[in-house]
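J.: Sequence and computational prediction follow.
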Amino acid sequence: MSYRIAVDTGGTFTDIALIEEERGSIEVAKVSSRPDNPSLAVMAGIMKIINQKDISPDSVSYLLHGTTVATNALLELKGAKTALITTKGFRDVLEIGRQTRPALYDFFQRKPTPVVPRENRFEIPERILYNGKVKESLQVSHLKYIIQELKEKQVESVAICFIHSYRNPHHEQTVKDLLKKEMPQLFISCSSDVLPEFREYERMSTVCINAYVMPAIKRYLEDLERSLKCKKIKSPLYIMQSNGGIITSGVAREQSARTVLSGPAGGVIAGLFLAKNLGKRNLITMDMGGTSLDISLIYQGTPRYTTESNIGGYPLKLPVIEIHTIGAGGGSISRLDQGGALKVGPESAGASPGPVCYGKGGLEPTVTDANLVLGRINPEYLLEGEMEGCLNKAQNSINEKLAVPLNTTLEQAAEGIVKVVNANMVRGIRVVSVEKGYDPREFSLVAFGGAGPLHAAELARELGIVEIIVPPNPGINSALGMLAADVRRDYVLTRIMKEERLDESKLEELFESMKIEALDELKKEGFKQDTISFIRSVDIRYPRQAYEINVTLADGKLQKKDLKEMVNKFHYLHQQTYGYSRDGEKTQMVNLRLAAIGEMQPLMIREEERTKEADPSRALLSYRNIYFSGKHIKTPVYKRHKLEAGNKIDGPAVIQQLDSTTVLFPGQIASVDSYNNLIIREKEEKACD
Amino acid sequence: MIDAVTLEVMRNALQSIAEEMGATLIRTALSPNIKDRKDCSTAIYTRDGQLVAQAEHIPLHLGLMQSVVKEVLKAYPRENLLPGDALIINDPYISGSHLPDICIFLPVFYQREIVAIMANLAHHVDVGGMTPGSTPANSTSIFQEGIRIPPVKIMKKGQLDEEIMALLSRNVRTSFEFNGDIRAQIASNAVGMKRFNELIDKHGKEKVLVYLEELISYSERSLSSEIKKIPQGSWQYTDYLEGDGIIEKPYAIKARVTVNEDTITVDFTGTDKQTRGPFNSTRAVTLACVYYVVKSVLNPEIPSNEGISKSLKIITPEGTIVNPDFPAPVSNANLNTAQRIADVILGAFSNILPEKVTAASAGTMGLFTIGGLDDRSREFYSYVETYGGGQGANPLSDGLDGVHTNMTNTRNTPTEVIEISYPLLVNRYCLRPDTEGPGKFRGGMGLCREITILSHSAEVTLSSERAKIKPWGLKGGKPGANSLNIFKYSDGSQEVQPSKITTEVAWGTTIIYNTPGGGGYGSPFERDPALVVRDVKGELISLERAEREYGVAIDPSTLKVDYKKTGEIRKK
């Protein structure tokens, strides 16, 4: 027997998922996170699940890990002492950015502090032109002054970023080699290695972030690997990246910036895996936790990727799964503002003090308090039953802060909070769907996170979405997603070429050089040639445009007709994305992109046999009075893990499990499918098919 | 029947519609002006033309969008509108703004009655006139600035009027982009109409119409309750433009801000007569500046709609720079005059609410264009960019370095993109050391970009300000540095240029474009010496300046503060 284990570090909890590779049975666990030393929680979690299943440590074949070490180092500005070496005249590019301020009307809003302060940004005489030609050769002699300063200032990590280095990396590489020789212990990140793509600010920001978080990631992973060895876990360690793929811990130490947005990506991959099993092509995933809601869209079986992400105001131009985050979560605070509107969020009570009902000192009513007052959350499930007084606290708070001033009943006020947070979320889902040209009615809504399944039913109605999918373990979806991820590495090469000067052999040659590098790297990681696949694509635009469209190329040796097809596809995608195309006009190629995928052993999850029994009464726990649209209804409460494939539940109903609660509205019906997902639809809808 | 929850749900729904209109416009437009710089706004109005919800991308549009539909309805009676009609307009003497800003609006009918209006405004690449881009720095009449479109039906019964389109297309330099952008504007309104009708289908007409009005009252209530919180009082402030593109002399802009119990009056009486050159700000642009400052100072979160204007009384005497008479030229007011008007209002507020304002920021949108023949492609090119500068400091923090401030917020063009696209070489792109206004909190540093022209001679236009009068500081804070434009010729000689100029320069010339710094806030002698040392170490402030301006003595070899000496200097 062999097992795959995934560990996802979150702010409050570290989630662990384990799958038995042949039979596909899944086990999950949760332990408290240890922000001071995250690897302690990771180890505790792994040991907990190993003991739970009583398996031997050497039967773990893969260990997958989503870590927030790099993210936190960046957001809390606790990265390494970092320096930048750049072309003379350009050290302020990192600070100027795109010359925009972060808020139109708020004078007091600051820009994030650059990760490399000006005193550690060094300039060196050298200049390469847009076509790769050397205008001014590198003044190597100047480097010795810089090295002296790096030593004096005890710099740990260095980023190198020269103008047009994506076109000719020679000067950057020379500096890198010399630095390595002179200061062997130094961490070095070169922009031509990390992101050889044009637009200097985004490239510089990305390579500086990489340099800044690299030492922390390296120390963390070394620590973790040592602990794993102690516990006799010998499987290789893979790290989740923001693009939804994984990399070996060795690569993560070099390309650390690729791990920065990895957490939410796991959730999307879980959605994708779910979709594959269910044969669904179009999904909107919503991951609602304590403070925020992450939304993403999967169209025709593919998530949307972007290279335009930023974290805490720092642009990171690496390919990531596009995720839209808004400040709506269980902890979002509700208040009446001076104009007389009821507002919810984006301020959150977070984990501490948390909602009023946690009894940890929170005074402002939150979304969780409202759900509790409405009866949608079971008070006994919160804080292991020590909640009696706390329900009162939540009631008092909503009553005093909202119901009395609004002259409504307690329940009306609580329902108001839910309505408003739902309206915020609907707006967020519209941003990723209708505003991008997708009709949400053609999508299924996948709800996870602790609070997602509580709100999904109403959101779906509001958006005209006919189907909601709630996975078996909504609270640890990201960890489950990691189990299904493949190794993925992205390469980019900027070559700006007019369409008429493109030829297939030249393009093939450029892709070939990227492939050789990719093959070499993946083979080093233990992949055999036949488990490696490639996706080639090209960024194209009309001349003078400031934005590009990514066009995927056909597999196989490129022919003339492939180029023609590529250009046609660009015109088509331009039409689809922007509503028009200029079919006759010559296009311009900007970047070549290669994604190299190292396929992991395919993951199988166990399919349950459907019972013929539609009756869910074996799972019935009790009845509770729950407030729906203006009145209390006696509502059945079910235990999620007692439900069996084939069961059908009529709304209204509440389905409880440890990590989440699903609410079914009157008029809705849920069925349990053979993977133990809850599929929720409107009743009349159900009657039709 | 108005309730707090429905109010917030409706606000979300309407804001979402306005934003979807904006996303549609940006997605389907052709020109980089709209697509990349997002120089456009979209909005929903009541049937009387009162603004309800708006997606604006630059603050200048805040006031324009509020007045445009109301003014158009005065000139074009609502009764003449039929289902499927859409109006087009760009006449600044009706709509405000300048000619490149074209507005299209669509009445929404429900059961044969107008229930709302969808409108959007977008900055077009060119609308004809004496110079490409239609923002000449030296026009003396609106007739030189491009084609003027009064409110006319561009669409009748759902059909685009191709004859009007042909007439307009013939009068603009970039007709391809013009046609595409107009169609994008129409598509944006159509999306808004569709969503608005869906909203009515869901909630009923009466309820939606009631909440349109209620959202306006909501902004009004929010703003007046903010006004009630601040002290009553009155203060006047005067600042100057340095020239109008024709004559270099100071032009005064004066504003008296009076805070009453729950209203604010801004009175521009005393402002100089309109200029001969194109630096006149229409009343709508002036209103935009007032709304911008009021919203920033009182509460940035208040939704931008008609409710804001209800608590404000704004007096703009006719025939002045802040409300010119036809046919005065107006094309450059958005770039420079708008920034100065914002400065003046901030200056007046600084005496009423010193804890909520900033010192003067760069005070110009810093236009820099180069046009000529590219040897590499044998095609004409045109590099156009607006530059940020130092932001004024505020009572809690330093001003931002090298950013767009106040009335604009568009992105820069990366150096690598400039060199790929144009026959230009960028020698430097950096902050300008020692240009900050010293203060307890210092102003932001200005920007410097140095560009060499690599092929043929080229036409260069610079339109900036603050070359003579520095951006002021507050509460003992000192002013930021002036702008400074220099031409460096291939023989090595240099020449300082005026802030506004259009001229032909030879191959090999280098233009050094230096933008102003921001003013400081509070006495520089109260600045934390550690922050001064940080800037000295970063070579943003020189050792001498640290001692002279901030009274901080720093040991040149260790770069540590000499506290004893610092104490002595600061005591004086």
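T.: Now that the structure is in, tell me what you want to look at.

J.: how about the residues of the stretch 151-300 of chain B that lie near chain A?
T.: Proximity of the stretch 151-300 of chain B to chain A, by Cβ under 8 Å from any Cβ of the partner chain, involves residues B:180, B:183-184, B:187, B:218-219, B:221-222, B:225-226, B:292, B:295-296, B:300. The C-beta positions use only the backbone N, C-alpha and C, and glycine is treated the same way.

J.: and those residues, which two are the farthest apart?
T.: Spatially, the most separated pair among those is B:Gly180 and B:Ser225, at 44.6 Å (Cβ to Cβ).

J.: Ramachandran angles for A:Leu336?
T.: Backbone torsions for A:Leu336, taken as degrees, to the nearest 10, come to phi -90, psi 130.

J.: pretty sure it is in contact with B:Ala4, am I right?
T.: Yes - counting by Cβ atoms under 8 Å, A:Leu336 does reach B:Ala4; the two are 6.3 Å apart.

J.: Of these two, which one has the most company?
T.: B:Ala4 (22 against 15; other Cβ atoms under 10 Å in any protein chain shown).

J.: separation between the more buried one and chain A?
T.: Separation of B:Ala4 from chain A (Cβ to the nearest Cβ, to the nearest Å) stands at 4 Å.

J.: quick one: contacts for that residue?
T.: A:Leu336, A:Gly340, A:Ala341, A:Leu342, A:Leu406, A:Gly416 (Cβ atoms under 8 Å, 6 or more residues apart in numbering or on different chains).

J.: about what we covered before: what touches both of A:Leu336 and B:Ala4?
T.: Counting by Cβ under 8 Å, 6+ apart, the residues touching both A:Leu336 and B:Ala4 are A:Leu342, A:Leu406.

J.: What sits closest to the closest residue to chain B within the stretch 1-150 of chain A if chain neighbours are left out?
T.: Nearest residue of the stretch 1-150 of chain A to chain B (Cβ to the nearest Cβ) works out as A:Arg118 at 3.2 Å. Closest residue in space to A:Arg118, ignoring its immediate chain neighbours: B:Gly538 at 3.2 Å, by Cβ to Cβ, 6 or more residues apart in numbering or on different chains.

J.: show me what contacts B:Asn260?
T.: B:Ile227, B:Gln232.

J.: low pLDDT regions in the stretch 451-600 of chain A?
T.: A:578-580 (pLDDT under 70).

J.: Go again with 90.
T.: Along the stretch 451-600 of chain A, segments meeting pLDDT under 90 span A:473, A:475-487, A:489, A:496-504, A:521-530, A:541-550, A:554-560, A:572-586, A:599-600.

J.: Would you map the helices across it?
T.: For the stretch 451-600 of chain A, the helices defined by DSSP state H, counting those that start in this stretch occupy A:452-463, A:477-483, A:504-524, A:560-578.

J.: Show the secondary-structure elements that the third one is packed against.
T.: With contacts defined as 3 or more Cβ pairs under 8 Å, 6 or more residues apart in numbering or on different chains; DSSP states H and E, the packing partners of helix A:504-524 are strand A:487-498, strand A:532-541, helix A:560-578, strand A:588-598.

J.: and the gap between A:Ser352 and chain B?
T.: A:Ser352 is 26 Å from chain B, where distance means Cβ to the nearest Cβ.

J.: what about the residue nearest to that residue when sequence neighbours are not counted, which SS state?
T.: Distances taken as Cβ to Cβ, 6+ apart put A:Lys360 closest to A:Ser352, at 6.3 Å, once the chain neighbours are dropped. What DSSP: H, G, I helix; E, B strand; the rest coil gives for A:Lys360 is coil.

J.: Pretty sure A:Lys360 sits against A:Pro353.
T.: Yes - using Cβ under 8 Å, A:Lys360 makes contact with A:Pro353 at a distance of 4.7 Å.

J.: Restricted to buried residues, select the contacts of B:Ala4 in PyMOL.
T.: The buried residues among the contacts of B:Ala4 can be selected in PyMOL (16 or more other Cβ atoms under 10 Å in any protein chain shown) with this line:
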select buried, chain A and resi 340+341+342+406+416
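
J.: Can you say which two of the contacts of B:Ala4 are spatially most distant?
T.: A:Gly340 and A:Gly416 (12.7 Å).

J.: circling back: so which of the helices of the stretch 451-600 of chain A is the most packed in?
T.: Looking across the helices of the stretch 451-600 of chain A with neighbours counted as mean count of other Cβ atoms under 10 Å in any protein chain shown, the highest average goes to helix A:477-483: a mean of 29.

J.: Give me the residues contacting that one.
T.: Contacts for helix A:477-483 (Cβ under 8 Å, 6+ apart): A:4, A:6-8, A:10, A:15-17, A:19, A:26, A:28, A:64-66, A:240, A:246, A:263-273, A:287, A:448-449, A:471, A:473, A:603.

J.: and if we set it to 6 Å?
T.: With Cβ atoms under 6 Å, 6 or more residues apart in numbering or on different chains as the test, helix A:477-483 has contacts from A:4, A:6, A:8, A:15, A:17, A:19, A:64, A:66, A:240, A:263, A:266-267, A:269-270, A:448, A:603.

J.: Tell me if I'm right that B:Val227 and B:Asp262 touch.
T.: If you look again at residue B:227, you'll see it is Ile, not Val. Yes - shown here, B:Ile227 and B:Asp262 form a contact pair, counting by Cβ atoms under 6 Å, at 5.1 Å.

J.: Can you report how many residues lie near B:Ser382?
T.: 15.

J.: What separation do you get for the nearest residue to it once chain neighbours are set aside and chain A?
T.: Closest residue in space to B:Ser382, ignoring its immediate chain neighbours: B:Gly371 at 4.3 Å, by Cβ to Cβ, 6+ apart. Separation of B:Gly371 from chain A (Cβ to the nearest Cβ): 14 Å.

J.: does B:Gly371 have beta-bridge partners, and which?
T.: Beta-bridge partners recorded for B:Gly371 (DSSP bridges): B:Ser382, B:Glu459.

J.: what number of residues lie near it?
T.: 17.

J.: these two touch, right, it and B:Val460?
T.: No - between B:Gly371 and B:Val460 there is no contact under Cβ under 6 Å: 8.1 Å.

J.: So for the helix ranked longest in chain A, mean pLDDT?
T.: With DSSP state H setting the assignment, residue counts place helix A:200-230 as the longest helix in chain A. What helix A:200-230 shows for mean pLDDT is 95.

J.: quick one on the thing from earlier: which of B:Gly180 and B:Ser225 has more neighbours?
T.: Using other Cβ under 10 Å as the criterion, B:Gly180 and B:Ser225 rank with B:Gly180 on top: 20 against 17.

J.: so can I have a markdown table of the helices and strands packed on helix A:504-524 showing distance to chain B?
T.: Putting the helices and strands packed on helix A:504-524 into a markdown table (distance: least, Cβ to the nearest Cβ, whole Å) gives the following:
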| stretch | distance to chain B |
| --- | --- |
| strand A:487-498 | 6 |
| strand A:532-541 | 11 |
| helix A:560-578 | 5 |
| strand A:588-598 | 9 |
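
J.: Thanks a lot, see you next time.
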